[in-house]
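Q: quick one: sequence plus predicted model below, questions after.
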Amino acid sequence: MSDQITVTDDRRAAGVGDALVTASGGRKVADPGGGRATGAAALLAAAAVAALPLATDYSTTYLLAYIVIIALLGTSLHLLMGLMGVFSLGQAAMFGTGAYVAVVASDELALDGILGLLLVALVGAVLGLVMGAVTLRVTDLYLALATLAVGYIFENVVRNTDWLGGPQGRTGFVITVAGRSLDDPRLLFWVGIVALYLFIVIIWSMRRSKLGRAFMATRESPIAARSIGIDTRRYKLLGFALAGAFSGIAGALYAAWSLVVDPSVFGIDLTLSVLAIAIVGGLRSLPGILIVGAALTYFRNSAADFGAADYVLLVYGSLIVLSLRFLPQGLGGLLASTVTAGTSRMRGRRES
Amino acid sequence: MMRSKVLASVTAASALLLLAACGSGDAAGDDSGVFKFAVVTEKTGAYADYGLQLEAGVQAAVKDLNASGDYDIEFEPVIYDCQSDKSICVQHAREAVTAEGLSAVIGPIVSVDILPAAEVTERAKVPHLVMAVLNQITDDYTNTFRWSVQSDRSNQTVVDYVEAKMKPGDTVAIVNATTDFGMGGAAQQTEQLAAIGIEPVASIPHDPDQADYTPIITELKKADPTYVLLSDSNPADIAKLLRQAKELGLKSTWIGADASGAIQLAGDAAEGYLTVSPWFPGPDTQELTDKLVAEGIKTPGWISAMAYDATLGLAEAVDSSGTSPEEVTKGLESLSDFDGLARTGWTFSADDRRGQTTSQIAEWTGTEYKIVWPEN
């Protein structure tokens, strides 16, 4: 084991050397957890999630669909911030654009959702590319503010565009997929879960590839990455485009879910709540983000049932503070270290 | 390791989604002799002041209805707190009309929360009683019943008042916040004034949440209008404008919307301020005011009063037509000159679901509201 370079767990790739070696064509990456059994179990779990709407009532299925929409946004944040280290607050611009494009595609162009969602993904990707290109020269706080500003600009433009419904937004639209209305929460959930699984698989595949390691190398040190021939700007644009495409799809599904699109879809509130999920879940941990995303979205929607509706922001704020203090890598970091420790113990027993 | 992580992702999501699935509430059931209806309102969050008023109005009415002995059926509101979040409002509206199968929905109170909820109820063909002022809510939906006065009618009430009171040489200015409410109200007032041949001597928009409104007051002093029509729903901004107008010696009469808390924040500067609203608390409406105070509302406002009347109207519709959504809709559409405790003459039909078409204007005397329009 000691002669292997394992960068599949990117926390271990914190030393830029490992990432750079593999990103530039280094030794083969180990996958100690691989195996058909694991893959089959993953498929089974995925199928179980997909089958959930068969066992739930309409309103619960709508809640599940909303959780999936938030998970899509959280996953895009994981890609940009966790994998690439790009501190973007432009998710709302991509999300809102996706919502409006989906409604226009449905209302004005009479496009079915299959084509409509492809159009949404394309427009989201182009927006991501533009956002990435505009912010190529800035980093950190400046990058965050520049991407945030895009959302404000879009909100203002939409608010003052009568054709898009102005301040009140648009209502009365029906988005269909294969001729069936997304008013059906099960269909909405299934379309969302397919998009989420596709996004997870893309990210998973990227992380195992040279591309993903280039992302991580860029994250750890752009200068060092460029010095070994990684075109960091191209990868940044690619990441923005991918995040834009899936954030746009999340927005389109949100439009179908909420039945109304108005300029508030470009607001900072949604971005901040997803950012909170990503921080508590662990920016670099997809499992952490998915778990915390599902838990906090469920909590937010059911807070009144717990008698905690007055304390939602207090809970969110406390979780962020406690997470940053005690779990800087979020819940995902804790899970990963627990799993790693358990695996090591088991191996130790086996070898002894 | 990577596959393990994917497995962990999917399994974790499964577990949490299952938890969410298992955590959903049970259906309310349809107890014989009990008519349950949904009240989706902002009990917490940014609009809690308004949402709690709505709840209090409904609860006060339900107590009176059930105690009256006039109905064979008992009324029971099922309250949903949508936390001033439109996503949660739409989720609860769905829960009410699909999972719970309730036959009518009241609320939420804020327009941005009502619109998605109205989309849900319209698609489910469930009658929806609303209190907000946005025209679109009854213009665009076939199942909504407005238990208040929509904004263009309130603005018309203001213009009618000004027209009746203006003497030769009197002038009018418009001040509005650059919000949806403010810009929409200013546009309506400008149009309505133009219809009676009045052109404002000044029309001044302002961004919300400013600390200093001196430039606006200075501009108003130059124009020296007799009346300042204010389109602003932010209590703090209204209070600041009134205070700074008093400090700078502006003599104009201000007429604005009823923004909860503005009078208290403005203090002495609010004396003489004219407010347009469907209802005012006070000696003339003491009975209803007392009922609402008994529900825990210190200063009852029009929202709680309208919610009270809406609940009475719903009961009347159920009593006359039945408890299914179609029957309740039919019952509401057939309400004509129905007298509530807050307002009289509530009238609805399939083509006009606005309820009331005129508002009232009251002057704040420093201790109470004195209704000045319509004149008795």
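A: Thanks, I have it. Numbers count the residues shown, from 1 in each chain, chains lettered A, B, ... in the order given.
Q: report the contact partners of the one residue sitting closest to the centre of chain B.
A: The structure's chain B has its C-alpha centroid closest to residue B:132; by C-alpha atoms, centre = their mean the separation is 3.6 Å. Going by C-beta atoms under 8 Å, 6 or more residues apart in numbering or on different chains, residue B:132 touches B:109, B:110, B:111, B:114, B:146, B:148. Yep, even glycine has a C-beta here, placed from its N, CA and C like the rest.
Q: how about residue 138, secondary structure?
A: Chain wasn't specified; assuming chain A. coil (DSSP: H, G, I helix; E, B strand; the rest coil).
Q: next up, the contacts around it.
A: residue A:146.
Q: separation between it and residue A:124?
A: Look at residue A:138 and residue A:124: by C-beta to C-beta, to the nearest Å, they are 21 Å apart.
Q: before we move on, what about residue A:177?
A: Residue A:177 is 17 Å from residue A:124, by C-beta to C-beta.
Q: what's the answer for residue B:81, then?
A: Applying C-beta to C-beta, the value for residue B:81 to residue A:124 is 34 Å.
Q: more neighbours, those two?
A: Neighbour count, other C-beta atoms under 10 Å in any protein chain shown: between residue B:81 and residue A:124, residue A:124 has more, with 29 against 26.
Q: need the pLDDT of that one.
A: With respect to pLDDT, residue A:124 has a value of 96.
Q: name the nearest residue to residue B:73, ignoring sequence neighbours.
A: Of all residues not flanking residue B:73 in the chain, residue B:35 sits nearest, at 5.0 Å (C-beta to C-beta, 6 or more residues apart in numbering or on different chains).
Q: helix, strand or coil for that neighbour?
A: Relying on three-state DSSP, one would call residue B:35 strand.
Q: what are the bridge partners for it, then?
A: Under the criterion DSSP bridges, residue B:35 forms beta bridges with residue B:75.
Q: interface residues of the stretch 101-250 of chain A facing chain B?
A: Residues of the stretch 101-250 of chain A lying close to chain B (C-beta under 8 Å from any C-beta of the partner chain) are A:167, A:168, A:169, A:171, A:172, A:183, A:200, A:204, A:207, A:208.
Q: narrow the contacts of residue B:132 to those in helices?
A: Counted as lying in helices by DSSP state H, out of the contacts of residue B:132, are B:111, B:114.
Q: pull the most distant pair out of the contacts of residue B:132.
A: B:110 and B:146 (14.4 Å; C-beta to C-beta).
Q: of those two, who's got more company?
A: Neighbours were tallied for residue B:110 and for residue B:146 using other C-beta under 10 Å; the higher tally belongs to residue B:146 (26 against 22).
Q: who's in contact with the more buried one?
A: Neighbour list for residue B:146: B:130, B:131, B:132, B:137, B:138, B:353, B:354, B:355, B:356 [criterion: C-beta under 8 Å, 6+ apart].
Q: out of those residues, which is nearest to chain A?
A: Set against chain A, the nearest of the contacts of residue B:146 by C-beta to the nearest C-beta is residue B:137 (9.9 Å).
Q: buried residues in the host helix or strand of that closest one?
A: Assigned by DSSP states H and E, residue B:137 belongs to helix B:136-139. By neighbour count on 16 or more other C-beta atoms under 10 Å in any protein chain shown, the buried set for helix B:136-139 is B:136, B:137, B:138.
Q: need the residues you listed in JSON lines (columns: distance to residue B:375 and pLDDT).
A: Formatted as JSON lines, the buried residues of helix B:136-139 follow (distance: C-beta to C-beta, whole Å; pLDDT from 0 to 100):
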{"residue": "B:136", "distance to residue B:375": "32", "pLDDT": "87"}
{"residue": "B:137", "distance to residue B:375": "30", "pLDDT": "90"}
{"residue": "B:138", "distance to residue B:375": "28", "pLDDT": "91"}
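Q: of those residues, which are in range of chain A?
A: Within these, those near chain A by C-beta under 8 Å from any C-beta are residue B:136.
Q: kindly indicate which of the buried residues of helix B:136-139 lies nearest residue A:297.
A: residue B:137 (28.0 Å).
Q: which residues are in contact with that closest one?
A: Contacts for residue B:137 (C-beta under 8 Å, 6+ apart) come out as B:111, B:114, B:115, B:118, B:130, B:144, B:146, B:150.
Q: one more time with 6 Å
A: By C-beta atoms under 6 Å, 6 or more residues apart in numbering or on different chains, the residues touching residue B:137 are B:114, B:130, B:144.
Q: and it, how far from residue A:229?
A: Distance of residue B:137 to residue A:229, given as C-beta to C-beta: 60 Å.
Q: which residue ranges of the stretch 201-350 of chain B form strands?
A: B:202-206, B:227-231, B:253-257, B:274-277 (DSSP state E, counting those that start in this stretch).
Q: as a markdown table, those with mean neighbour count, mean pLDDT and distance to residue B:315 would be great.
A: Listed next are the strands of the stretch 201-350 of chain B as a markdown table, based on neighbours: other C-beta atoms under 10 Å in any protein chain shown; pLDDT from 0 to 100; distance: least, C-beta to C-beta, whole Å:
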| stretch | mean neighbour count | mean pLDDT | distance to residue B:315 |
| --- | --- | --- | --- |
| strand B:202-206 | 17 | 96 | 43 |
| strand B:227-231 | 26 | 97 | 35 |
| strand B:253-257 | 21 | 94 | 29 |
| strand B:274-277 | 24 | 95 | 24 |
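Q: near chain B, which residues of the stretch 251-352 of chain A?
A: Listed as neighbours of chain B in the stretch 251-352 of chain A under the rule C-beta under 6 Å from any C-beta of the partner chain: A:258-260, A:286-287, A:290-291, A:294-295, A:298, A:301, A:304, A:309-310.
Q: pull out the buried members of the residues you listed.
A: Buried members of these, scored by 16+ other C-beta under 10 Å, are A:258-260, A:286-287, A:290-291, A:294-295, A:298, A:301, A:304, A:309.
Q: which of the residues you listed fall in strands?
A: Under the assignment DSSP state E, these contribute residue A:260 to strands.
Q: farthest pair within the buried ones among the residues of the stretch 251-352 of chain A next to chain B?
A: Longest span within those, C-beta to C-beta: A:260 and A:287, 32.7 Å.
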